[in-house]
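A.B. asks: no FASTA, just this:
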Ligand SMILES: [Zn+2]
């Protein structure tokens, strides 16, 4: 009897080990699905990013693409990352896109991540009355048609990437680029948009490589923390700027691979050099060459389980200034004047003005191997060291411009120094307070802890 009990206990023990091992192996496994679509507008369209342009686009320098990468871990947790050669998605457009994706797939909002490349040679994106640009009726209708078509295409893309899910080997590494230049130039008259070679920038080039189980390369996802603005407001041909040319370069060098670009905290950085088509191609080639070098070198594994956190942080806005001051500000012709005008309109209608802006943030944790932080807004470079210090610097990829482009996300220091990046929100009437920095960093730390990242004390 005792022997039989011992034998049964031994059998159960061995079985338990097998279950533990099997569960561990399944959790660590990742399946990846891919899809891509050409999204170049099929008619001349007003272009985004520079208020100085006065007419629609004139032809195509390089096709625009949207691309999707679907993830599934061994427990069935899923998420889809969508990248696109466009300026950005405000909250209303992101809602339209995500609603379409949720109708077409079983995904919830928290499982969807949108990362536009912030190209300034792409179309204006927006819904009627909320494009952020002064457009004639027919121009606004064209932008609306494009935006609705794009939302449909992105829903198809998410569904296609999920349908393509198959076992994959995922790995990652980090390179460096020299195309990133701090653009906050300090002058006797204050901070202006220019060149600041001594200013901080994030020069890292994170690279994720996806292979089939037998080592066939399928995709390369890479990042760069820099405005996608080699080309200026004088350029009227559509293109994905340096990020588009970098993806093109990687796909030429690695035939059959889907290259995807995810922009980082480049709010206060411009490409260098800039201003010509040749410079845009050169910057893309230079970044693409580094991506290929990293992708074909020694990489660290990226395994599951995948934990996906998605939350809105209430970012604090400054109290509404006295009416007299608002009226004075509203007389200008810049974004700050526009915000002051919106505030006055709201006050006149009897609406109460917001004291917070709900900004969406995402954290994707891949086992103990990698944390992907996706901030929203045009996040200034100065957030990178703050988040590195809060989360620890290793196994960390910080993306920005994700899920909602509401305006610049400045640090307390940038707000105090002033300059272009200290300006207001585009999509809601208000200006951030210096406490915004503490709120953002605390929220991301809390989300990373929930997602399972080991944090420094
Ligand atoms: Zn920008």
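C.D. replies: Everything's here; your move. Quantities reported herein were computed from a predicted structural model and do not represent experimental measurements. Numbering: from 1, shown residues only.

A.B. asks: Off-centre distance for stretch 403-418?
C.D. replies: Between the centre of stretch 403-418 and the centre of its chain there are 16 Å (Cα atoms, centre = their mean, to the nearest Å).

A.B. asks: Check the average confidence over that stretch, would you?
C.D. replies: Taken as a whole, stretch 403-418 has a mean pLDDT of 94.

A.B. asks: what are the phi and psi angles of residue 232?
C.D. replies: phi -110, psi -180 (degrees, to the nearest 10).

A.B. asks: For residue 410, see how far away the residue nearest to residue 416 when sequence neighbours are not counted is.
C.D. replies: In space, residue 416 comes closest to residue 434 once its chain neighbours are excluded; the distance is 6.9 Å by Cβ to Cβ, 6 or more residues apart in numbering. From N, CA and C alone the C-beta is placed, and that goes for glycine too. Remark: distance between residue 434 and residue 410 (Cβ to Cβ, to the nearest Å) = 9 Å.

A.B. asks: more crowded one of these two?
C.D. replies: Between residue 434 and residue 410, residue 410 has the larger neighbour count (other Cβ atoms under 10 Å), namely 29 against 15.

A.B. asks: if we can go back for a sec, got a list of what the residue nearest to residue 416 touches?
C.D. replies: Going by Cβ atoms under 8 Å, 6 or more residues apart in numbering, residue 434 touches 412, 415, 416.

A.B. asks: in a strand, that's where it is, yeah?
C.D. replies: No: residue state for residue 434 (DSSP: H, G, I helix; E, B strand; the rest coil) corresponds to coil; a strand is not indicated.

A.B. asks: Need the pLDDT of it.
C.D. replies: You'll see residue 434 listed with a pLDDT of 96.

A.B. asks: host element of residue 88?
C.D. replies: Remark: residue 88 resides in no helix or strand, with elements defined by DSSP states H and E.

A.B. asks: wait, isn't it in contact with residue 124?
C.D. replies: No: in this structure, residue 88 sits apart from residue 124 without contact. The criterion is Cβ atoms under 8 Å, and the distance is 10.4 Å.

A.B. asks: anything in contact with each of those two?
C.D. replies: In terms of Cβ under 8 Å, 6+ apart, residue 88 and residue 124 are both contacted by the residues residue 48.

A.B. asks: between those two, which one's more packed in?
C.D. replies: When residue 88 and residue 124 are compared on other Cβ under 10 Å, the one with more neighbours turns out to be residue 88, at 30 against 25.

A.B. asks: Next one: that one from residue 30, what distance?
C.D. replies: Relative to residue 30, residue 88 is positioned 28 Å away (criterion: Cβ to Cβ).

A.B. asks: which outside residues touch the one helix or strand residue 338 maps to?
C.D. replies: For residue 338, the enclosing helix or strand under DSSP H and E is helix 335-348. Contact with helix 335-348 is made by 320, 323, 326-327, 329-332, 353, 423-426, 429-431, as judged by Cβ under 8 Å, 6+ apart.

A.B. asks: The helix or strand following that helix - contacts with which helices or strands?
C.D. replies: Toward the C-terminus, helix 335-348 is succeeded by strand 356-366 as the next helix or strand (DSSP H and E). Contacting strand 356-366 under the criterion 3 or more Cβ pairs under 8 Å, 6 or more residues apart in numbering; DSSP states H and E are the following elements: strand 306-316, strand 370-374, helix 436-451.

A.B. asks: closest one to residue 259 among the ones you listed?
C.D. replies: Evaluated with Cβ to Cβ, these place strand 370-374 nearest to residue 259, the distance being 17.5 Å.

A.B. asks: Inside helices: which ones of the contacts of helix 335-348?
C.D. replies: Members of these lying in helices (criterion: DSSP state H): 323, 326, 327, 329.

A.B. asks: Nearest residue to the second one in space, ignoring adjacent ones along the chain?
C.D. replies: The shortest distance from residue 326 to any residue other than its chain neighbours is 5.0 Å, reached at residue 340 (Cβ to Cβ, 6+ apart).

A.B. asks: Residue 81 is nearest to which of the helices and strands packed on strand 356-366?
C.D. replies: Nearest to residue 81 among the helices and strands packed on strand 356-366 is strand 370-374; the distance by Cβ to Cβ comes to 8.6 Å.

A.B. asks: Name the next helix or strand downstream of that closest one, please.
C.D. replies: Strand 370-374 is succeeded, C-terminally, by strand 378-379 (DSSP H and E).

A.B. asks: just how off-centre is that next one within its chain?
C.D. replies: Averaging C-alpha coordinates over strand 378-379 and over its chain gives two centres that are 9 Å apart (Cα atoms, centre = their mean).

A.B. asks: Same question for stretch 141-161.
C.D. replies: What separates the centre of stretch 141-161 from the centre of its chain is 18 Å, taken as Cα atoms, centre = their mean.

A.B. asks: cool, stretch 336-352 as well?
C.D. replies: Chain-centre distance of stretch 336-352: 29 Å, with Cα atoms, centre = their mean.

A.B. asks: what does stretch 357-370 give?
C.D. replies: Computed by Cα atoms, centre = their mean, the chain-centroid distance of stretch 357-370 equals 12 Å.

A.B. asks: Please apply the same query to stretch 46-62.
C.D. replies: Distance, centroid of stretch 46-62 to centroid of chain: 22 Å (Cα atoms, centre = their mean).

A.B. asks: Same question for stretch 222-240.
C.D. replies: Between the mean C-alpha location of stretch 222-240 and the chain-wide mean there is a distance of 15 Å, by Cα atoms, centre = their mean.

A.B. asks: now do stretch 307-314
C.D. replies: Using Cα atoms, centre = their mean, the offset of stretch 307-314 from its chain centre is 14 Å.

A.B. asks: ok, residue 315 - contacts?
C.D. replies: Applying Cβ under 8 Å, 6+ apart, one finds that residue 315 lies in contact with 356, 357, 358, 359, 409, 432, 436, 439, 440.

A.B. asks: now with 6 Å?
C.D. replies: 357, 359, 436, 439 (Cβ atoms under 6 Å, 6 or more residues apart in numbering).

A.B. asks: how about the helices of the stretch 101-250 of the chain, start to end?
C.D. replies: Along the stretch 101-250 of the chain, the segments classed as helices by DSSP state H, counting those that start in this stretch run 137-163, 241-253.

A.B. asks: Can you say which of those helices is nearest to residue 305?
C.D. replies: Within these, the stretch nearest residue 305 is helix 137-163; the backing value is 18.2 Å (Cβ to Cβ).

A.B. asks: Quick check: buried residues in the closest one?
C.D. replies: Neighbour counts over helix 137-163 (16 or more other Cβ atoms under 10 Å) mark 139-140, 142-144, 146-147, 150-151, 153-162 as buried.

A.B. asks: do stretch 371-387 as well
C.D. replies: Within stretch 371-387, the residues that qualify as buried by neighbour count (16+ other Cβ under 10 Å) are 371-384, 386-387.
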